Each structure stands twice: as C-alpha cells, then as structure tokens.
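Visitor: show me the folded form of this:
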Amino acid sequence: MDDAGDGLEADLDQSDPASADEVDEVRPPGASRAARGGRNLTVATVVGLGLLVATVAAAWFDPRVFAVLVYGFLVAAVIEWRRALLLQGRKVPMVPLVLATLGMGSATWFGRAEGLTVAVLVGLAGIVAWRAVDERIENTLADSLASVFTLLWIPFLGSFIIMMEQADNGWQRVVVFVVAVVGNDTGGLFAGMLWGRHKMAPTISPNKTWEGFVGGVVLGTVAATVAAMLLLDGRWWLGTLVGLACTASAVLGDLAESAIKRDIDVKDMSSAIPGHGGVMDRLDSLLLAAPAAYVVFAAALGTLGR
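Guide: Numbering: from 1, shown residues only. Coordinates of the predicted model:
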C-alpha cells in the first residue's frame, strides 16, 4: 500500500533528502514539479482514512459493490502501469489487459478460484493473440513478457481480495486483512521516523529501515489480532497468523515495486490520489498480501465456511 522506498517515510526526509530526486515522477506534460520534494501528511492522512472507510463500508454493505470498487481500482492500476511502461518504450496493449481484468472479475465472482484460473489462461492467450496480429516484430519478447507480468501482478493477485469477500464471513476477513496492511504501513512509517537508523535495502529503497520494518510488523499484527478477536468469534490467533503473513508479504510488495520503479525511472506512478501518488502506489503491498491472507484464512476456516 505504501511504497517502501518512496512513500511517506521518504517524503518526511527520514534519510538523505536527495534520494527523492533519484528517480522522476510519471506525470502529464506541464504538470507542476513542486510537490516532488514531499507530500502533505495531513492530506495523505485524510485521503487514506477516506479510502479505508470506503473500502470497509463497501465490503460490509454488499459484496457486489465491493467487487466493483476493487476491480475499478485494478483497471485504473493496469492503465497507470501501462502508461509508465510506454514512457520506457515497452508497448503493452491496453485493450486485452483491461478486458482480461474485467474478465477475471466476472470469472472470480461466478467461478471463484476455478473461474479465476480459466480467466488467467484466457487472458494470457488473448495477449499472445493480440501480439501475433501486430505487424511490429521488434521487442516482441520484452513487450509480451511485460504484458504477462502486468496481468499476473495486478488483476490476478487483486482477485484474491474478492475471493476472501465471497466467504460466509467475507467482509470480516477483508477487514482483518486490510487492517493488517494499513497497520503495517502506519507502524513502519512512524517507527522509521522515530527510530530508523539501519537501512534495510539501501540500493532498492534508501528510506526503508529495519526499525520501520519491525514497527510495521508489530502494529500490523497487533491490529489484525484485535480485529479478528472482535470480528471472528474471538479467534485472536487467526488474526495473529494473518497479521504476520500480511506484514511480511506487504514489505516484499513494497520492495518489489520500489525495485521495479527504479528500474523504469519512476518515482510515483501518477498523482491520481492526493497525498499518496498513484493507484499502484496504494495497491503495491495489498496485492502481494492478498493471496497470503487468503491462504491463511482458507487453511484455518476453509474457503467458504466459518
């Protein structure tokens, strides 16, 4: 959710202030560069809380509303990511990727895991077919691999959130999952600000520290434990397991996106979300944590049962 290297920790100048300028932001021509040095913490907090409340409310209110919200974000993330790749010369087709994302949504809704598997295979075939009829032959392998990676990274991983929601106690599972990731981001931010000294992965994410990592794991796990105790019939231990799985996966997701963004010379994917950057800058840790949470819940409670 929060970019480990260039998220709010970086923006509050926890370490070398020059690091914020090592990579550039993807933005439309003529856009202001004034905000590159840092984000407004108040705006980021208000917008973040608004997104959190909207997500939890949708999950509680109606799974269909929640699914539309999730896949809306996933489509936006695919478009955002494609744009970043285009700026680096990678030609990733929009139409098959957006159609595949929407197809995964329908297939997951009606067919759950089996439907998602079929949708992924169809999506991969569609990408290959689309490229096959393209008259261009240069960079075919690189462009095709970038398309496949996009399909698996964004809509496939994101679909596990919907599969959690489809369980009998789906919205409760989603809340525990989201609370774990948000707790990890928040704990990592403030622990890094207060005590961050030892770099975790300086070549990938200069502002990520081991102290921030520990703070994120602790707060994320505690938050998930409390949420599970309140929402899952007192099964606090399940929240602890989900919290540990989600916080570890979220950090890996943060670092993975940081490495990718450095590779393609991008700071923020866009400025779509005030105070946060792009949609992908909010989804990075959620995407990798979603299958981890799904597996823990499925192993402990079953995919559908309580």
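Visitor: any buried residues in the longest helix seen in the chain, and which?
Guide: In terms of residue count, the longest helix belonging to the chain (DSSP state H) is helix 94-132. With burial defined by 16 or more other Cβ atoms under 10 Å, the residues of helix 94-132 counted as buried are 96-101, 103-105, 107-109, 112-113, 115-116, 119-120, 123-124, 126-127, 130-131. For every residue, glycine as well, the C-beta is placed using N, CA and C.
Visitor: which elements pack onto that helix?
Guide: helix 63-87, helix 140-151, helix 157-165 (3 or more Cβ pairs under 8 Å, 6 or more residues apart in numbering; DSSP states H and E).
Visitor: now do that helix against helix 157-165, angle only.
Guide: In this structure, helix 94-132 runs at an angle of 130 degrees to helix 157-165, with axes from the mean of the first three to the mean of the last three Cα atoms, to 10 degrees as the basis.
Visitor: picking up where we left off before, lowest average pLDDT across the helices and strands packed on helix 94-132?
Guide: Set side by side, these differ in mean pLDDT, and helix 140-151 is lowest with a mean of 89.
Visitor: got the buried residues for it?
Guide: By 16+ other Cβ under 10 Å, the buried positions in helix 140-151 come out as Asp143, Ser144, Ala146, Ser147, Thr150, Leu151.
Visitor: can the helices and strands packed on helix 94-132 go into CSV with extra columns for distance to Leu255?
Guide: As requested, these are arranged in CSV below (distance: least, Cβ to Cβ, whole Å):
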stretch, distance to Leu255
helix 63-87, 17
helix 140-151, 16
helix 157-165, 15
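Visitor: so which of those helices gets nearest Pro206?
Guide: The closest of the helices and strands packed on helix 94-132 to Pro206 is helix 63-87. By Cβ to Cβ, the value is 20.4 Å.
Visitor: what's next to that closest one, contact-wise?
Guide: The set of residues that contact helix 63-87 without belonging to it, under Cβ atoms under 8 Å, 6 or more residues apart in numbering, is 26, 54-55, 58-59, 91-92, 94, 97-98, 101-102, 104-105, 109, 146, 150, 154-155, 158, 161-162, 165-166, 170-171, 174, 264, 266, 269-270, 272, 278-280, 282-283.
Visitor: now those: which count as buried?
Guide: By the neighbour-count criterion of 16+ other Cβ under 10 Å, the contacts of helix 63-87 include these buried positions: 26, 55, 58-59, 91-92, 97-98, 101, 104-105, 109, 146, 150, 154-155, 158, 161-162, 165-166, 170-171, 174, 264, 266, 269-270, 272, 278-280, 282-283.
Visitor: counting contacts, what elements does the strand or helix carrying Met280 pack onto?
Guide: Of the helices and strands defined by DSSP states H and E, Met280 is found in helix 279-301. Secondary-structure packing of helix 279-301 (3+ Cβ pairs under 8 Å, 6+ apart): helix 63-87, helix 157-165, helix 170-195, helix 236-263.
Visitor: okay, the angle between the helix or strand hosting Val222 and helix 236-263?
Guide: Per DSSP H and E: Val222 is located in helix 210-231. Angle between the axes of helix 210-231 and helix 236-263 is 140 degrees (criterion: the same axes, to 10 degrees).
Visitor: circling back: rebuild the helices and strands packed on helix 279-301 as JSON lines, extending it with distance to Ala298.
Guide: Supplementary listing: those in JSON lines, determined by distance: least, Cβ to Cβ, whole Å:
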{"stretch": "helix 63-87", "distance to Ala298": "17"}
{"stretch": "helix 157-165", "distance to Ala298": "9"}
{"stretch": "helix 170-195", "distance to Ala298": "10"}
{"stretch": "helix 236-263", "distance to Ala298": "11"}
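Visitor: and these: which comes nearest Val214?
Guide: Comparison of these against Val214 by Cβ to Cβ identifies helix 170-195 as nearest, at 6.6 Å.
Visitor: okay, now the sheet partners of the next helix or strand after that closest one, with direction.
Guide: Along the chain past helix 170-195, the next helix or strand (assigned with DSSP H and E) turns out to be strand 199-201. Strand 199-201 has its sheet partners listed here by DSSP bridges as strand 205-209 (antiparallel).
Visitor: pLDDT below threshold where in the stretch 1-150 of the chain?
Guide: By pLDDT under 70, the weakly predicted segments of the stretch 1-150 of the chain are 1-44, 47-48, 135, 137.
Visitor: swap the cut-off to 80 and go again
Guide: Counting by pLDDT under 80, the stretch 1-150 of the chain contains low-confidence residues at 1-48, 50-51, 132, 134-139.
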